[in-house]
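> What would the 3D arrangement of this be:
(one chain, ligands or ions: 2)
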Amino acid sequence: MKSLIMIIDGMADRPIPELGNKTPLEIAETPNMDKLAENGINGIMDPIRPGIRVGSDTAHLSILGYDPYKVYTGRGPFEAAGVGVEVKPGDIAFRCNFATQDENGIIIDRRAGRIREKTDRIAETINSMKIEGFEDTKIIFKESTGHRAVLVLRGENLSDKISDADPKQEGKPPKKVKPLEDSPAAKKTAKLLNRLVEKSYQLLKNHPVNLERLKRSETPANIILPRGAGAVPHVTKFEEKYGLKAACIAETGLIKGIGNITGMDVIEVEGATGGIDTNLENMKNAILEAVKGQYDFILVNIDGADEAGHDGDLKGKIEFIEKVDEILEDLMLEDLYFIFTADHSTPITVKDHSGDPVPIVINGPGIRVDKIVSFNEREAANGGLCRIKGSDIMNILLDLMDKTEKFGA
Ligand code: ZN
Ligand code: ZN
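Residues are numbered from 1 along each chain as shown. Ligands and ions are numbered 1, 2, ... in the order given. Have a look, this model is predicted:
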């Protein structure tokens with residue numbers, strides 16, 4: 001038996017007055033989701049616990065059976081793993097911006113004119129940098145999308161208990177990084193990071209890419225601003241934990257990073273933008289290939305509904321849900337446990353994640369099919385699964401797949 005868990009990021013919502021107090025999922029035309037509801041067992045799920053406003057990362061960890069309160073140390077490690085840096089437990093990872101500093105040491109653009117090109121060449125320069133007095137620490141730096149990048153520090157005696165260099169607003173100098181605890185490791189890491197920020201400006205102010213940008217009257221990416229330090233956690237690999245060979249098909253660096261850190265094969269999909277313009281046909285084909293291939297478990301994350309939720313784009317959210325519905329028909333396969341759900345609600349009215357539970361449906365052999373015939377937040381609440389937690393999912397799935405041992409005699 002194979003298993004597929006498909007997470008439509010931020011799909012769930014709250015009643016919206018202009019929809020007659022219906023939710024986007026209740027309004028959208030979703031014949032295939034309804035078929036999943038009709039043929040499956042339905043319920044609602046609290047990704048961590050009722051009322052907890054989860055991030056996509058902590059929700060996914062919980063759904064995969066990892067305790068986010070134990071393994072989550074911040075976004076840095078997952079972002080770094082998501083852009084393909086081979087992070088190791090104990091590494092300290094940061095999210096960074098390429099920014100613009102003027103001659104007076106003031107940050108005049110936190111996103112370096114929303115730079116999009118040749119950040120790989122700037123990253124190369126930072127990646128090969130050595131800092132005097134800290135030769136034992138390896139500096140790994142890689143560009144991400146746009147003005148974003150990741151920084152990883154590897155070595156002895158490092159700590160993530162340090163503050164940010166990013167002042168979070170323009171018109172100010174970079175913040176002096178401070179140790180947040182009285183330990184030699186935190187003091188060393190803070191000192192190292194301050195040198196790194198300073199030195200990045202020295203190395204980048206006359207970098208060929210920036211000289212070209214200046215010629216075109218574009219703001220140079222002449223300084224690196226790290227934030228959100230996190231130590232890469234020790235995580236038991238998914239396959240070791242469950243005996244299932246797993247693939248991760250995701251669009252955003254954050255979720256790819258979850259796949260990487262838990263030891264899944266991360267499958268890249270062309271045209272997967274993470275937005276409502278993403279290529280769902282390519283996503284579907286990648287899922288089909290993985291299901292028919294060597295994998296026992298496939299984690300899928302599709303991000304567009306969350307983006308529409310953050311943007312308050314009601315029409316976009318409804319249309320995207322309908323587009324997702326279209327690819328589901330081909331995914332209803334025999335010999336497959338198919339779990340369809342969301343990682344949290346991103347209500348249009350909130351424009352951010354909320355603590356509401358999400359609908360969930362499971363299809364597959366031996367399922368106690370219930371009476372629910374349409375897939376949405378309110379109907380699901382009347383289904384046979386009742387209300388579960390994200391951390392229950394792997395137990396339920398492993399039991400269905402006959403992969404668990406009896407507890408007791
Ligand atoms: Zn999410
Ligand atoms: Zn979100």
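
> gap between whichever residue of the chain sits closest to ligand 1 and S62?
With C-beta to the ion as the measure, S56 is the residue of the chain nearest to ligand 1, at 2.9 Å. In this view, the C-beta of every residue, glycine as well, is placed from N, C-alpha and C. According to C-beta to C-beta, to the nearest Å, S56 and S62 sit 11 Å apart.

> what do you get for K175?
Taken as C-beta to C-beta, the span from K175 to S62 is 32 Å.

> So for the two, which residue has more residues nearby?
For K175 and S62, the more surrounded residue by other C-beta atoms under 10 Å is S62, and the numbers stand at 27 against 17.

> nearest residue to the more buried one other than its sequence neighbours?
In space, and not counting its chain neighbours, S62 is closest to G390: 3.8 Å by C-beta to C-beta, 6 or more residues apart in numbering.

> what do you get for L180?
K161 (4.3 Å).

> One more: E281?
Excluding the flanking residues, the one nearest E281 by C-beta to C-beta, 6+ apart is I327, at 7.0 Å.

> from what I can see the one you found touches N282, true?
No. Counting by C-beta atoms under 8 Å, N282 is not a contact partner of I327; they are 9.9 Å apart.

> So the two - more neighbours on which side?
I327 (19 against 14).

> Wait, a strand at C96?
Yes. Counting by DSSP: H, G, I helix; E, B strand; the rest coil, C96 falls inside a strand.

> Surely it touches H147?
No. If you go by C-beta under 8 Å, C96 and H147 don't touch, sitting 9.2 Å apart.

> Next secondary structure element downstream of the biggest helix by length in the chain?
Longest helix in the chain, counting residues (DSSP state H): helix 184-204. Following helix 184-204 in sequence order, the next helix or strand is helix 208-215 (DSSP states H and E).

> average pLDDT for that following helix?
Mean pLDDT, computed over helix 208-215, is 96.

> go on, stretch 111-127?
In this model, stretch 111-127 has an average pLDDT of 94.

> all strands for the stretch 1-150 of the chain, in order.
Secondary structure of the stretch 1-150 of the chain (DSSP state E, counting those that start in this stretch): strands located at 2-8, 41-46, 92-101, 107-109, 138-143, 148-154.

> my guess is S354 contacts T346, does it?
Yes. Contact criterion C-beta under 8 Å: S354 and T346 qualify, at 7.4 Å.

> how many other residues sit next to the residue lying closest to E212 once chain neighbours are set aside?
Nearest non-adjacent residue to E212, counting by C-beta to C-beta, 6+ apart: K118, 8.0 Å away. Neighbours of K118 under the rule other C-beta under 10 Å: 17.

> how close does K118 sit to A221?
9 Å.

> Quick check: neighbours shared by those two?
Common contacts of K118 and A221 (C-beta atoms under 8 Å, 6 or more residues apart in numbering): V209.

> Domain map for the chain?
The chain resolves into domains spanning 2-72+233-400, 89-231 when parsed by automatic domain parsing.

> Comparing those domains, which stretch has the densest surroundings?
domain 2-72+233-400 (a mean of 20; mean count of other C-beta atoms under 10 Å).

> Any residues of this structure in contact with ligand 1? List them.
Within reach of ligand 1 by C-beta under 5 Å from the ion, the chain has these residues: D9, S56, D306, D343.

> quick one: terminal-to-terminal distance for stretch 348-356?
13 Å (C-alpha to C-alpha, to the nearest Å).

> chain center to it, what's the gap?
17 Å (C-alpha atoms, centre = their mean, to the nearest Å).

> residues in contact with it?
Taking C-beta under 8 Å, 6+ apart as the rule, stretch 348-356 contacts 10, 12-14, 16, 24, 46, 50-55, 308-314, 317, 344-347, 377.

> change it to 7 Å
10, 12-14, 16, 24, 51-55, 309-310, 312, 314, 317, 344-347 (C-beta atoms under 7 Å, 6 or more residues apart in numbering).

> Could I get the average pLDDT for that stretch?
For stretch 348-356, mean pLDDT rounds to 97.

> swap in stretch 136-146?
93.

> And it, end to end?
30 Å.

> Then stretch 236-252?
22 Å.

> Quick one: mean pLDDT over that stretch.
Mean predicted confidence for stretch 236-252 is 97.

> Can you list the neighbours in contact with it?
Contacts of stretch 236-252 (C-beta under 7 Å, 6+ apart): 64-65, 256, 259, 262-267, 269, 272-274, 278, 283, 286-287, 290, 294-303, 394, 398, 403.

> In strands only, show me these.
Members of the contacts of stretch 236-252 lying in strands (criterion: DSSP state E): D265, V266, F297, I298, L299, V300, N301, I302.
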